[in-house]
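Q: Sequence first, then the predicted structure:
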Amino acid sequence: LVCKHQLSSAAAGRSFITSPILKTKTNVVVSKPSRRASFVDTKLQMAAVNSSDGNVRSDPAPVQDALAGLTVAFSLLSKAIACSAIVGVNPLVGIWSSVAMGVTAPLLGAQSGVISGTAAVVSVPLAALTQSYGVEYMTLCILVSALMQGLFGILKLAKTAQLVSEQVLSGFLNGLGFILLFSQASVFRTAAKAGALKPTVGIAALCFSIVQGLPLITKAVPSSLVGLVVASIVGSVLKLPLSTLESTVAAGTFSGGFSSLPSLVNLGNLWNQMTSIPALKIVMPAAVSIVIISLVETLLAGKVVDELTGQKPCPYPFEPENAKTDEEKELYEGCTPTTYDVPTRSVMALSAGNIVSSLFGGFGGCGLIPQTVLNIKSGGGGAFSSASYAAAMAAFVVFLAPLVGKISEAALAGIMITVAYDTVAWDSSWKTIKAVINPSKYLDGKGRNISRGQRIIELVALSLSSYICYFGNLAVGIVSGVAVQRGLLSLYKRFSSKE
């Protein structure tokens, strides 16, 4: 009865409004009139519009989900191989790690639309461990971090993600976007050394142009998938001297067949390590780092999906009458009631995915914001898109490995540059800057004017989190941004009240 009442209330609050940004009718859920503006830039808001009449899709068609998952699988191939190289293991380890994460997450109820897989933020601290002690501690490290993630979920601490403000999230996206952008420089440096810089730049530019331009003509198929296929075919037909996926790894990696399937680790050795205090001391620093950054990125990926689709889940249990503070009340504005705690379920799914990955010799992963953005922009958003991406990656390795190995790195770089561009919160950052110059023109989420002093604090949080996330550490950037913004805001309100 409670669920029925909640769903009826949600249905009563659903209406068609005309968006000044999208210039079209948009189907959104509103609990009461609000002038709240999304902080995601126009390009990311356009990602939520996938149907011909401009309505926000809450239930993508299976075909669209499957095609979006296929696009994500292609974009993650090179990343999985790169993460494997960082850790110092066979490229197939990274691929199967993504498969384990992609299959487990939707089965256990992770937030729809969020893509989980191998991540550089997990590989980097893990690499420090493997370089010092070897890969024999890798499985223990991932398993320990997964158990800690499970404890985080059991204690229902996922709501701490609500502490991350729009400015800090924008700063995180800015730092992550530029990290992705400049990470593609290695492709062009390698091409320059081989004397193939011009064709590499040309193919990457062709892929980028198709990905950006095709949606202006049609959205029937994912533009990223079309760009990848066309760019690879052009490079092959013209016989351009391009680096391919198979040329960057050991011979036989893309030979395919069932011999490439992963096997279960030695459980006896794993148990001996888990009961060894010295072994636990060795892996604990890396495990703690992995826990923090993987939880943050997974929960932030969920927040990005909320903004992209315009349908954020309500706090669970659904008790808006108990909301006391302005922050608590804002959580219920424009939200969709659910029958379970979405962030907590996502954390538990993340923990289970890492456990499964570790037991098969993988190094796990987390929610991936860039691939999540790509998934939504490609027409995905349902749980099937995550499952189809995992199935596609498995099929690539087993059945289509030789063909996948022919994909050029230049084409993949073109896709990743597009993802990097779409990840950066351009409009949100620019709005924060303009709000400092003219505070009266920009309202907060409740339609109120905010003083220039508070706007300056928002700009400081945005700048600090962007800088630290790019030049330093993503987790430190988020924590620093939240701490500085809340600290400065508390001081500002204290001194303002005295005046």
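A: Great, that's in hand.

Q: Which residues are in contact with Pro315?
A: Applying CB atoms under 8 Å, 6 or more residues apart in numbering to Pro315 gives the contacts Lys159, Leu331, Tyr332, Cys335. C-beta coordinates here come from the backbone N, C-alpha and C atoms, glycine included.

Q: Would you list the phi and psi of it?
A: Dihedral pair for Pro315: phi -60, psi 150, per degrees, to the nearest 10.

Q: Now do the helices in the stretch 201-350 of the chain.
A: For the stretch 201-350 of the chain, the helices defined by DSSP state H, counting those that start in this stretch occupy 223-237, 267-274, 277-309, 326-330, 342-359.

Q: any idea of the angle the second one forms with helix 277-309?
A: It stands for helix 267-274. For helix 267-274 against helix 277-309, the angle by axes from the mean of the first three to the mean of the last three CA atoms, to 10 degrees is 100 degrees.

Q: Please point out which parts of helix 267-274 sit buried.
A: Within helix 267-274, the residues that count as buried by 16 or more other CB atoms under 10 Å are Leu270, Gln273.

Q: okay, that helix in PDB with CA atoms only?
A: This file holds the C-alpha atoms of helix 267-274, laid out as PDB (Å, rounded to 0.1, in the frame of the first residue of the first chain):
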ATOM      1  CA  LEU A 267      41.400 -20.800  -3.100                       C
ATOM      2  CA  GLY A 268      43.800 -22.500  -0.700                       C
ATOM      3  CA  ASN A 269      46.500 -19.900  -1.300                       C
ATOM      4  CA  LEU A 270      44.000 -17.100  -1.100                       C
ATOM      5  CA  TRP A 271      42.800 -18.300   2.300                       C
ATOM      6  CA  ASN A 272      46.300 -18.600   3.600                       C
ATOM      7  CA  GLN A 273      46.900 -14.900   2.600                       C
ATOM      8  CA  MET A 274      43.600 -13.800   4.100                       C
END
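
Q: just checking, what packs against that helix?
A: Packing contacts for helix 267-274, counted by 3 or more CB pairs under 8 Å, 6 or more residues apart in numbering; DSSP states H and E, involve helix 138-154, helix 277-309.

Q: Among these, which comes closest to Leu181?
A: helix 277-309 (17.5 Å; CB to CB).

Q: Isn't Phe172 up against Leu474?
A: Yes - between Phe172 and Leu474 there is a contact at 6.7 Å, judged by CB atoms under 8 Å.

Q: ok, those two, which is more surrounded?
A: For Phe172 versus Leu474, neighbours defined as other CB atoms under 10 Å are more numerous around Phe172 (29 against 23).

Q: just how off-centre is the strand or helix carrying the more buried one within its chain?
A: Using DSSP states H and E, Phe172 sits within helix 166-183. Taking CA atoms, centre = their mean, to the nearest Å, one finds helix 166-183 lying 11 Å from the centre of the chain it belongs to.

Q: Can you give me every residue that contacts the one residue sitting closest to the centre of the chain?
A: Nearest to the mean C-alpha position of the chain, counting by CA atoms, centre = their mean, stands Ile369 at 1.4 Å. By CB under 8 Å, 6+ apart, the contact set of Ile369 is Leu173, Leu176, Glu297, Leu300, Ala301, Val304, Thr423.

Q: What remains of those if I keep only buried residues?
A: Leu173, Leu176, Glu297, Leu300, Ala301, Val304, Thr423.

Q: circling back to that earlier point, the helix holding Phe172: what's the following helix or strand?
A: That would be, after helix 166-183 and using DSSP H and E, helix 185-193.

Q: got any ranges where the protein has weak pLDDT?
A: Counting by pLDDT under 70, the chain has low-confidence residues at 1-60, 161-162, 322, 326-328, 442-448, 498-499.

Q: Quick one: the strands in it, in order.
A: Taking DSSP state E as the test, the strands found in the chain are 14-19, 24-29, 116-117, 312-313, 335-336, 366-367.

Q: follow-up on the earlier one: just the buried ones from the contacts of Pro315, in ChimeraX syntax?
A: Command for ChimeraX that selects the buried part of the contacts of Pro315, burial taken from 16+ other CB under 10 Å:
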select :331,332,335
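
Q: Closest one to Ser276 out of the contacts of Pro315, please.
A: Among those, and counting by CB to CB, the member closest to Ser276 is Lys159, at 34.9 Å.

Q: Surely that closest one touches Pro343?
A: Yes - at 6.5 Å, Lys159 and Pro343 qualify as touching, with contact defined as CB under 8 Å.

Q: wait, Val356 sits on Gly102?
A: No - Val356 lies out of contact with Gly102 (CB under 8 Å); the separation is 10.8 Å.

Q: Which one of the two is surrounded by more residues?
A: Gly102 (31 against 19).

Q: I'd like to check which residues are in contact with the more buried one.
A: Ile115, Ser116, Gly117, Ser386, Ala387, Tyr389, Ala390, Met393.

Q: Could you list everything the third one pairs with in the sheet?
A: Spelled out, that is Gly117. Cys366 (DSSP bridges).

Q: could you measure it against Thr160, distance?
A: 24 Å (CB to CB, to the nearest Å).

Q: Look at the two and report which has more neighbours.
A: The neighbour count for Gly117 versus Thr160, taken as other CB under 10 Å, is higher for Gly117 (33 against 14).

Q: List the contacts of the more buried one.
A: Under the criterion of CB under 8 Å, 6+ apart, the neighbours of Gly117 are Leu76, Lys79, Ala80, Ser97, Ser98, Met101, Gly102, Gly365, Leu368, Gln371, Tyr389.
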